[in-house]
Every structure is written in structure tokens, then in C-alpha cells.
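*Asks:* I would like to see how this sequence folds:
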Amino acid sequence: GQDTILPCTISSTKPLDNPKVQWKKITDGHTEDIYIYGQFGGEPRQKYPGRTSVPGDGFATGNVSLTLKNVQPADEGIYSCIVISRDWSADTATKLSIAGGRDSLVFIEIQGPQGRGFGLDCRSHGWFPEPTVQWVTEDGQELPAATEIHQDSEKLFSVQSQVTVTGEQVRKVTCQILNPLLQVEKKTTVLISGEPFQSELHLSESKSCSTGKLSCELIVHSSSKGRERDRLSWQAALFVTLDSDTAHPRLEVSADGSRVKDTGVIRFLLSNEKRFDSHLFVLAEKGYTTGKHYWEVNVGTRTNWAVGIALESVTRKGTLTLTPQNGFWIIMCADGQDYWAYTNPWTCLTVTGSLSKIGIFLDIPAKQVSFYNVSKRAALYTFSIANGSSQEGKFIPLFSTGLAVAEPDTEALEIVQFSDDYDDDE
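*Replies:* Got it, this is the predicted structure:
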């Protein structure tokens, strides 16, 4: 995507008679004209209009270098510059090598138990040329892996590599991907401890993790409280649409169902059994009884909000008690500084820095719903949904603009829309 200049200089000490410059590309023995321009020949002929240029005064200054804009992997090859006049000619060749991967991210996803261990899946995209992939332990031992590398229509390479490890054998595992041309390495690390079927995994922020840096390290910590598999890939998420028929009369849902805001005015709407009438709640159109589902909510700079899930069967009229026992699994923010999980009693949440985007991961097979600080890639809280029976209906995403204050914050809650859904029953 960057621009580059392929150098070419006229070395003749005498003025040239009707000179012409030809830039050609040679790839695997095949030659094609890229840019042809004569001093008195009118407009240049270009293979890539708008992407190639030669200085307009090039014949006078001797600089006929080719500027190639928005370089793509397909541009790799040998470029020949040929300058011809009636009594003089010269040529030079420049090899253009393309490399990508400096801005690529590496994600590890825990696939779950496999035999006596965990299956780990490492993925990354946007590499060129073809990268090398290694799984290594903290003592430098390389692990056998099943790796697939594919090239897309833009000639960029995608990597998917899988290993199986156990907490008994390995404590820390790193997936590292190397661009052999740039010698740029990206890596992601997972920390595993304890028996694979008796450990609860939580995602936490590593101080060395920074999106876009050359090394981004995500660490999974383990405790001995039961089993959970948290997704480490933050890319696949659910397309969520709000159901305006469930929205409190003071809320306004956008036409596309992606945003909701507090108008401060209670509108007169037709009553229906789906609508909340005491809390500023709105549900999504779609609920779930099986599988794993992930979505994100942009709360922006709002100082009051609540997000989570509710059973389809919850009471929607009158005063509500927001606890898991009553079918609500919700976290909330009050006054921009107090963060709580609606447990019984409430649980105070520790949040570092600002919290503008929340990720929610509903893992029905594991009977859990987890909340994440997306920008920090840090876990906020995990509820057990074991007391929520699918016989009582679906688990439905829930959103709220928070407390019904007299002067409402009109900034909307916005669902971050994606097209991919990670749905895997066991």
C-alpha cells in the first residue's frame, strides 16, 4: 500500500535527440510494458494509470525514475528502464521485492480439550512473502504443529496453525510468525497451568500487549475452579439487531437496529407484552439456546449504561430485581466511575483506564457469559448461567442506557456490527 521509486538516471553528457524512456516489468520470463514516454510523444502510455509517473522534466534533469504508488504484492518483479535516442541508448534493471506482515496481528484461540490436553489455533493474515510459523515452549523447544498457509486473490498469505499441549508438559506456549524478507516477527503467548479439565481460563491484559506493535503477547491465566474456554480471537463477532418492540418508551432505536439512545421523553406507544416499562432496557431481536456467541457494544463516553443478557421469559413490567436468579446477567456503569456486576449482593468491578467498548461472550455449552474490556483485551467479569434453563426460553442480548436520570445523556449505545458468528456446540 506504500509508494516506491525505482531509480533510473540518464548518464549521457550530450543532449539526446528525440529520447524515449521505456519501463518494462519482467516476471518469470514474461515482459510487459509499464510506462512508455517520449520527449515529444504526447501523453505517456501506462499499464497502471494513476499509479505510475516519471518526472515531467526528466529528460532535462536526467532523472527518469519511476514512481509506483500503492504498491501491491503483484507488483513484485524486475523492472527494466530503457532510454533510447537516435544515437544513444542505455538500460538498467531494478528488482522490486514486496514484503508484508509488519502490521499483521497474531491471534491464538483455545479450541478446547483434545485428549489430555488443549487444542490451540494460531491465525494471522496479511503476510508477504510466505511466512514461517513455529510453536515454541518457554525453554525454546519447538512443538509439532499442523499448519496451513493460503494465498488470496491479492497474493497475501494467511496462516492457520494448530497444536495440542497439556498443562503438565508445557507452561507457556508461543506462536511466532516470521517474515523472512523483513525479518519481522510477530508472536502471541499463552500461559497454561493445571490439569486441562480442571482449570478455569481467564483472559487478562499483558503489559507487553499492544495492538500494532511488533510483539503482541496475550496471556491466559489459570485457576482451579472448573472449566472454561475463553476466546482469544477478537475478530469473529455476531451481527446483533435491536428489537424496538422491547424498548422502554423513553428509548429510541435507530432504523437499522444498531443504536439506542435515551430521549428523556416517555413516548406514548402501544403496549405490548414484550416491552419493558420500568427500566430503560431493550433486547436484541435474536436469542440463543445453544452454541457460543460474541458481540461488542460501543458505549463511547457515556457515564451510565448496562449490558448483558436476559432470559426470554423474564418479567418486563413493574419493578425488577436484576439478579441471575431472576434471569438477568448484567454489568453496569454509574456516574462514569462505579462499575458493578448485578449479583446478589452486587460485585464491584475493577476497571483500569477508560472503558468505551465491551465485548460479551456467551458460551452456552460451558454455561457462562463473560464480559471484556475490548481496548485493553482484559476480562471484566464472568457469570455462571447454570441456573438459566433453555426450557425457560432463549438467552437474549440486553442493552440499557442506564439509570433514568432527569437530564439524560443522549449519546447512543452502538452495537459494533460484524458478519461472522462463532457457533460451536459440544
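*Asks:* what bits of the stretch 301-426 of the chain have low per-residue confidence?
*Replies:* When residues are selected by pLDDT under 70, those of the stretch 301-426 of the chain lie in 388-392, 404-407, 417-426.
*Asks:* hey, where'd the strands end up in the stretch 101-250 of the chain?
*Replies:* For the stretch 101-250 of the chain, applying DSSP state E, counting those that start in this stretch gives strands covering 106-114, 117-127, 132-137, 142-143, 146-151, 157-165, 172-179, 184-191, 200-204, 219-223.
*Asks:* out of the ones you listed, which is closest to A247?
*Replies:* A247 lies closest to strand 200-204 among the strands of the stretch 101-250 of the chain, at 31.5 Å (C-beta to C-beta). Where C-beta positions appear, they are placed from N, C-alpha and C, glycine not excepted.
*Asks:* rewinding a little: mind putting the strands of the stretch 101-250 of the chain in CSV, mean pLDDT and mean neighbour count included?
*Replies:* Below are the strands of the stretch 101-250 of the chain laid out as CSV (pLDDT from 0 to 100; neighbours: other C-beta atoms under 10 Å):
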stretch, mean pLDDT, mean neighbour count
strand 106-114, 64, 19
strand 117-127, 80, 21
strand 132-137, 90, 18
strand 142-143, 90, 14
strand 146-151, 91, 12
strand 157-165, 87, 20
strand 172-179, 85, 21
strand 184-191, 75, 20
strand 200-204, 32, 19
strand 219-223, 32, 18
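*Asks:* tabulate the ones you listed (JSON lines), appending distance to L311.
*Replies:* As requested, those are exported to JSON lines (distance: least, C-beta to C-beta, whole Å):
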{"stretch": "strand 106-114", "distance to L311": "26"}
{"stretch": "strand 117-127", "distance to L311": "31"}
{"stretch": "strand 132-137", "distance to L311": "41"}
{"stretch": "strand 142-143", "distance to L311": "42"}
{"stretch": "strand 146-151", "distance to L311": "40"}
{"stretch": "strand 157-165", "distance to L311": "36"}
{"stretch": "strand 172-179", "distance to L311": "38"}
{"stretch": "strand 184-191", "distance to L311": "33"}
{"stretch": "strand 200-204", "distance to L311": "24"}
{"stretch": "strand 219-223", "distance to L311": "28"}
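*Asks:* compare those and give me the one nearest I358.
*Replies:* Using C-beta to C-beta and comparing the strands of the stretch 101-250 of the chain, the one that lies nearest I358 is strand 200-204, at 13.4 Å.
*Asks:* to K394, which of the strands of the stretch 101-250 of the chain lies closest?
*Replies:* Between K394 and those, the shortest separation by C-beta to C-beta is 23.5 Å, and it involves strand 106-114.
*Asks:* which strands and helices sit next to the one helix or strand S370 maps to?
*Replies:* Using DSSP states H and E, S370 maps to strand 368-373. Contact analysis of strand 368-373 by 3 or more C-beta pairs under 8 Å, 6 or more residues apart in numbering; DSSP states H and E lists strand 305-311, strand 357-363, strand 378-384 as its packing neighbours.
*Asks:* so what's the residue of the chain positioned farthest from its centre up against?
*Replies:* The centre of the chain is farthest from one residue, D87, which by C-alpha atoms, centre = their mean lies 58.6 Å away. D87 makes contact with D17, according to C-beta atoms under 8 Å, 6 or more residues apart in numbering.
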